[in-house]
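> Task: produce atomic coordinates for the following.
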Amino acid sequence: MPSPLDPEYDVTTPLDLDYYAAFADVGAADREWWTRARDFVDGLDDRMTGHWERSEYPLDLLHEAGSRGLLTDGVDVDGLGEEGLSTLSPLAAGLVTMEVSRADGSLGTALAVQGGLALRTLALFGSTEQKREHLADLAAARTLGAFALTEPEHGSDSVSLETTAQLIGDDDNGYYVLNGTKKWIGNGASGGLTFTWARVEGGDHHGAVRCFLVDQDTRGYSAEVIEGKSSLRAIHQALIHYRDVELPHDAVLPGTTGFKDASAVLFATRLGVAWSAVGHASALVEAALNYAKQREQFSRPLAGFQLVQERLSWMVSELTSMQLHVRRVTELDAAGRLSGAQASMAKYHNTRKARAIAQVARDMLGGNGILLKNKVARHMADVEAIHTYEGTESVQSLIIGRDLTGLSAFA
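Next up, the predicted model:
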């Protein structure tokens, strides 16, 4: 039991701060998915703190999310005949991502990897046979999926990837041999399927970047969990080596014909990252406000001090800006009018704001802000990861800048 000199603070109670009522008109169907996501993460705070501290990946929770239909990320899964699976609207998908990220960044990222990247890649570019065999299992998390694009020497410069798929024989009856290395691949060492992007050597698609469906049990495929992370510690990312991995000709996703297809997947997930940032920021503001009302200094609550109220007002104003950004761009997405530059703007704006909010929230909790049980330190670290993945801040600014000026500043 904590002593009176070492009080416990409840900083995890959801406050649903929505100052401009950006989500007040969410329809019943979309709100049901939001509620379903909250029910999924309810009561997981202590457990996820332990997983985060021990760098454990709770795969059972990913399977549970799949059974609740939370992994589809707006991907079209209607017609699969899978009980519990439905195609989420862009708004519902965003709300699910926000709510799960509010609870824990690693869980939010796990949903993004499984649904936003792996499932979406198959749905967009897979053959009828590939979809029939794997789509439902990926959507329900009976099979784990990984999206392998980034390489040790090619992160933001992923268009220059060096992993190769050499065609032996002809396009219709030959086979491929993969060689190369991928890094920072979620689910890449967790068992399942890895959607591997590689440059083709030989055949009609010589020089083109295409995606290959690789079972992680395939001979020549080896992966190790990356250790020593200070962020997203409750999901495993992998360093993958492909050493003469032989694949049949029908392992290639026929809809992929160039790097633009990988970009299409990343474009779709950037909006998800912006929603994830709202979830992180919500948790940080909630922690600061809850703490300020409970923590007493100089014989009164912190919330009664002018400086604290100014900081809280600033954080809520920044959170409100983030909420308005995602609500508007999601409306554009639903109408089919969202551009790549607009998606980049949403990610650029929201992850920057989340980082700034994290710094103020950590400071407001003082020494208690570095305790993992109080969530702020975890969210602060995890925000650093979402600020980087799916395109760094610098890359997003170049995409926006090119749209504004008509001039490409990419080297």
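
> burial count for the nearest residue to F267 once chain neighbours are set aside?
Of all residues not flanking F267 in the chain, G340 sits nearest, at 5.1 Å (Cβ to Cβ, 6 or more residues apart in numbering). Quick note: C-beta positions are derived from backbone N, CA and C, even for glycine. Close neighbours of G340, defined as other Cβ atoms under 10 Å, add up to 17.

> again with the one 3 residues further on
A count of neighbours around A343, defined by other Cβ under 10 Å, yields 26.

> What of A208?
Around A208 there are 16 residues (other Cβ under 10 Å).

> Just confirm it contacts V200, I think it does.
Yes. Look at A208 against V200 with Cβ atoms under 8 Å: they come within range, at 5.3 Å.

> Hmm, the residue nearest to F267 is touching I399, no?
Yes. Judged on Cβ under 8 Å, G340 makes contact with I399 at a distance of 6.4 Å.

> State the distance from the residue nearest to F267 to V273.
14 Å (Cβ to Cβ, to the nearest Å).

> swap in Q130?
Shown here: Q130 relative to V273, a distance of 27 Å by Cβ to Cβ.

> Pick out whichever of the two has more residues nearby.
Counted by other Cβ under 10 Å, Q130 and V273 do not tie: V273 has more neighbours, with 28 against 19.

> Does that one lie in a helix or a strand, and which?
helix 259-294 (DSSP states H and E).

> And that helix, what does it pack against?
Helices and strands in packing contact with helix 259-294 are listed as helix 90-103, helix 105-111, helix 120-125, strand 209-215, strand 300-301, helix 306-334, helix 340-364, helix 376-388; criterion 3 or more Cβ pairs under 8 Å, 6 or more residues apart in numbering; DSSP states H and E.

> Okay, and the closest residue to A287 other than its chain neighbours sits in which element?
Spatial nearest neighbour of A287, excluding adjacent residues (Cβ to Cβ, 6+ apart): V11 at 4.0 Å. Secondary structure here is read from DSSP H and E; on that basis V11 sits in neither a helix nor a strand.

> that older thread, mind listing what the residue nearest to F267 touches?
For G340, the set of contacting residues under the criterion of Cβ atoms under 8 Å, 6 or more residues apart in numbering consists of S263, F267, I399, D403.

> Flag whichever of those residues scores worst on pLDDT.
Lowest in pLDDT among those is F267, which has 85.

> any idea how far it lies from Q342?
10 Å.

> what's the answer for D217, then?
41 Å.

> quick one: which of these two has more around it?
Here D217 and Q342 are set side by side on neighbour count (other Cβ under 10 Å), and the busier one is Q342, at 20 against 9.

> what about that one, distance to V26?
Relative to V26, Q342 is positioned 21 Å away (criterion: Cβ to Cβ).

> Output the lowest mean pLDDT helix or strand found in this protein.
strand 296-297 (a mean of 86; mean pLDDT, DSSP states H and E).

> what about the closest residue to A268 other than its chain neighbours, neighbour count?
Counting by Cβ to Cβ, 6+ apart, the nearest residue to A268 once its immediate chain neighbours are dropped is R120, at 6.0 Å. Burial of R120 is recorded as 27 neighbouring residues (other Cβ under 10 Å).

> Where does T143 fall, secondary structure wise?
For T143, no secondary-structure element claims it when assigned by DSSP H and E, so it is in no helix or strand.

> Compare the helices and strands packed on helix 259-294 and give me the one nearest G258.
G258 lies closest, by Cβ to Cβ, to one member of the helices and strands packed on helix 259-294: strand 209-215, at 5.8 Å.

> hmm, who's touching that closest one?
Contacts made with strand 209-215 from outside it, assessed by Cβ under 8 Å, 6+ apart, are listed as 121-122, 125-126, 130, 134, 148, 159, 161, 165, 176, 178, 193-200, 221, 242, 245, 247, 251-253, 256-259, 261-262.

> hmm, try it at 6 Å
Contact with strand 209-215 is made by 194-197, 199-200, 247, 251-253, 256, 258-259, as judged by Cβ atoms under 6 Å, 6 or more residues apart in numbering.

> Which secondary structure state is assigned to L239?
Reducing the assignment to helix, strand or coil with DSSP: H, G, I helix; E, B strand; the rest coil, the entry for L239 is strand.

> Go ahead and confirm it touches K183.
Yes. With contact defined as Cβ atoms under 6 Å, L239 reaches K183; the gap is 5.1 Å.

> residues contacting Q237?
Q237 makes contact with W184, G186, I226 under the criterion Cβ under 6 Å, 6+ apart.

> if we can go back for a sec, which of the contacts of strand 209-215 fall within helices?
F259 (DSSP state H).

> From the contacts of strand 209-215, keep the buried residues only.
Burial by neighbour count, judged by 16 or more other Cβ atoms under 10 Å, picks out T194, F195, T196, W197, R199, V200, L247, A251, V252, L253, T256, F259 from the contacts of strand 209-215.

> Now the two most distant members of these.
Maximum pairwise distance among those (Cβ to Cβ): 19.5 Å, between L247 and F259.

> picking up where we left off before, can you give me the offset of the helix holding V273 from its chain's centre?
Relative to its parent chain, helix 259-294 has a centroid offset of 8 Å by Cα atoms, centre = their mean, to the nearest Å.

> How about stretch 217-225?
Using Cα atoms, centre = their mean, the distance between the centre of stretch 217-225 and that of its chain works out at 23 Å.

> One more: stretch 140-149?
Going by Cα atoms, centre = their mean, where stretch 140-149 is centred and where its chain is centred differ by 13 Å.

> Need the nearest residue in space to A356, chain neighbours excluded.
Taking Cβ to Cβ, 6+ apart as the measure, A356 lies nearest to E318, with 6.6 Å between them; neighbours along the chain are not counted.
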